[in-house]
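Asks: no sequence for this one, just the structure:
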């Protein structure tokens with residue numbers, strides 16, 4: 001704990017000392033990118049590709065060191081450091097980002113997307129990009145570089161779940177997000193916020209009965225070993241986000257910032273392709289173990305989950321996100337066809 005605190009403080013001090021000093025012509029800089037995903041993960045690959053491309057296209061002026069496995073700290077603490085220039089770039093999930101900009105809650109409403117086409121139309125369109133690089137991000141000293149595909153989040157547990165009825169009395173690990181807690185409670189279970197790095201041990205020791213994540217992370221983090229029942233309820237289609245410190249951006253030229261922004265969006269497309277391939281491969285790999293039950297709910301069962309959760313769209317935070325919810329619904333393929 002003391003070593004971790006000392007590391008965080010030293011990084012923060014370094015950032016503060018450098019803040020406001022723009023690079024001289026020909027000068028180089030090394031930036032730190034904190035990533036909580038493990039080595040080899042598809043999002044990790046995208047972060048590393050982003051770093052390599054930025055270095056190449058800036059002729060070596062900018063080097064981005066990618067730290068995987070959450071070695072620089074959890075996403076919240078790293079984002080807090082980024083606000084003051086102590087961290088340069090952070091890969092976070094949207095539920096964590098709601099602690100800084102609550103508009104991200106609108107993008108995470110359970111069962112709000114008709115399909116993947118709808119999901120990306122929202123994130124790459126006026127709603128998603130407006131939040132990513134909008135005034136609220138600017139106010140908290142952060143700048144959104146890009147979204148990444150974090151897959152459809154589904155429940156996995158120590159016992160089978162086929163309907164909301166099966167979740168009654170269960171304790172479910174969720175991210176640090178009031179919205180995710182509200183969703184779990186709407187389904188009749190109790191929620192508990194546990195750090196991602198502690199999720200495996202919490203399932204293993206019975207601290208929680210279930211958790212939720214994508215099938216990619218379910219395999220990569222070996223969650224199937226301690227929670228072998230996976231239901232493809234797809235309650236949220238989720239994005240990760242690459243965030244840059246506004247203080248760090250002050251050190252760079254407009255030319256280099258343009259390169260970083262362009263490469264970040266290109267890395268989004270690169271990561272989406274990797275993710276789609278990984279989802280198919282991971283599901284088959286899990287089935288091949290013979291240790292996992294992957295259950296696809298019937299239409300009636302899926303409707304029961306949706307009916308329990310859709311009131312959250314307009315009731316959460318006293319209807320604060322109603323306008324954004326309407327814009328998201330309007331972007332659906334079915335709405336466009338009308």
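Replies: Looks like it arrived, so ask away. Since the model is a prediction, treat every value here as computed from it, not as a measurement. Residues are numbered from 1 along each chain as shown.
Asks: and residue 148, that's in a strand?
Replies: Yes - assignment of residue 148 by DSSP: H, G, I helix; E, B strand; the rest coil places it within a strand.
Asks: If you drop the residues flanking it in sequence, what lies closest to it?
Replies: Closest residue in space to residue 148, ignoring its immediate chain neighbours: residue 240 at 4.1 Å, by C-beta to C-beta, 6 or more residues apart in numbering. Every residue, glycine included, has its C-beta placed from N, CA and C.
Asks: I'd assumed the one you found was in a strand, is it?
Replies: Yes - under three-state DSSP, residue 240 falls within a strand.
Asks: got the contact list for it?
Replies: Contact analysis of residue 240 by C-beta atoms under 8 Å, 6 or more residues apart in numbering lists 43, 91-94, 147-150.
Asks: before we move on, what about residue 302?
Replies: By C-beta under 8 Å, 6+ apart, the contact list for residue 302 reads residue 233.
Asks: Check residue 245 too.
Replies: 15, 82-85, 87-89, 141-143 are the contacts of residue 245 under C-beta under 8 Å, 6+ apart.
Asks: Could you dump these into CSV and include secondary structure and pLDDT?
Replies: Below are the contacts of residue 245 laid out as CSV (DSSP: H, G, I helix; E, B strand; the rest coil; pLDDT from 0 to 100):
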residue, secondary structure, pLDDT
15, helix, 47
82, helix, 98
83, helix, 97
84, coil, 95
85, coil, 96
87, coil, 98
88, coil, 98
89, strand, 98
141, coil, 98
142, strand, 98
143, strand, 98
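Asks: any idea which of these is closest to residue 39?
Replies: Of all the contacts of residue 245, residue 39 sits closest to residue 89, with 17.6 Å by C-beta to C-beta.
Asks: The closest one against residue 30, yeah?
Replies: No - using C-beta atoms under 8 Å, residue 89 is not in contact with residue 30; the gap is 11.7 Å.
Asks: neighbour-wise, which of those two wins?
Replies: residue 89 (27 against 10; other C-beta atoms under 10 Å).
Asks: For that one, which non-adjacent residue is closest in space?
Replies: That would be residue 33: by C-beta to C-beta, 6+ apart, it lies 4.2 Å from residue 89.
Asks: What is the burial count for that neighbour?
Replies: When neighbours are defined as other C-beta under 10 Å, residue 33 has 23 of them.
Asks: now do residue 301
Replies: 19.
Asks: taking the mean pLDDT, what do you get for the helix or strand containing it?
Replies: If you go by DSSP states H and E, residue 301 is part of helix 299-309. Average pLDDT, helix 299-309: 90.
Asks: starting at the chain centroid, how far to it?
Replies: Offset of helix 299-309 from its chain centre (C-alpha atoms, centre = their mean, to the nearest Å): 24 Å.
Asks: by how many degrees do the strand or helix carrying residue 243 and helix 299-309 diverge?
Replies: If you go by DSSP H and E, residue 243 is part of strand 229-245. Strand 229-245 and helix 299-309 are oriented at 40 degrees to each other (axes from the mean of the first three to the mean of the last three C-alpha atoms, to 10 degrees).
Asks: Just checking the distance from strand 229-245 to the centre of its chain.
Replies: Worked out by C-alpha atoms, centre = their mean, strand 229-245 lies 6 Å from the chain centre.
Asks: Quick check: next helix or strand after it?
Replies: helix 246-249.
Asks: List the contacts of that following helix.
Replies: Residues contacting helix 246-249 (C-beta under 8 Å, 6+ apart): 15, 19-20, 31, 82-85, 88-89, 138, 141-143, 257.
Asks: same question, stretch 125-136
Replies: 101, 103-104, 106-107, 122-123, 137, 143-144, 146-147, 241, 324, 327-328, 331.
Asks: List the contacts of the closest residue in space to residue 334 that isn't next to it in sequence.
Replies: Leaving aside its sequence neighbours, residue 334 sits nearest to residue 114 (C-beta to C-beta, 6+ apart; 6.2 Å). Contact analysis of residue 114 by C-beta under 8 Å, 6+ apart lists 332-334.
Asks: Give me the buried positions along the strand holding residue 243.
Replies: 229-231, 233-245 (16 or more other C-beta atoms under 10 Å).
Asks: cool, and stretch 168-183?
Replies: By 16+ other C-beta under 10 Å, the buried positions in stretch 168-183 come out as 170-183.
Asks: Most neighbours among the contacts of helix 246-249, which one is it?
Replies: If you count neighbours using other C-beta under 10 Å, the busiest of the contacts of helix 246-249 is residue 82, which has 29 neighbours.
Asks: measure the closest residue in space to that residue that isn't next to it in sequence to residue 306 for me?
Replies: Closest residue to residue 82 apart from its sequence neighbours, by C-beta to C-beta, 6+ apart: residue 245 at 4.0 Å. Counting by C-beta to C-beta, to the nearest Å, the separation of residue 245 from residue 306 is 38 Å.
Asks: follow-up on the earlier one: okay, the residue nearest to residue 82 and residue 80: tell me how far apart.
Replies: Distance, residue 245 to residue 80, using C-beta to C-beta: 11 Å.
Asks: and stretch 51-70, how far apart are its ends?
Replies: This stretch, stretch 51-70, spans 17 Å end to end (C-alpha to C-alpha, to the nearest Å).
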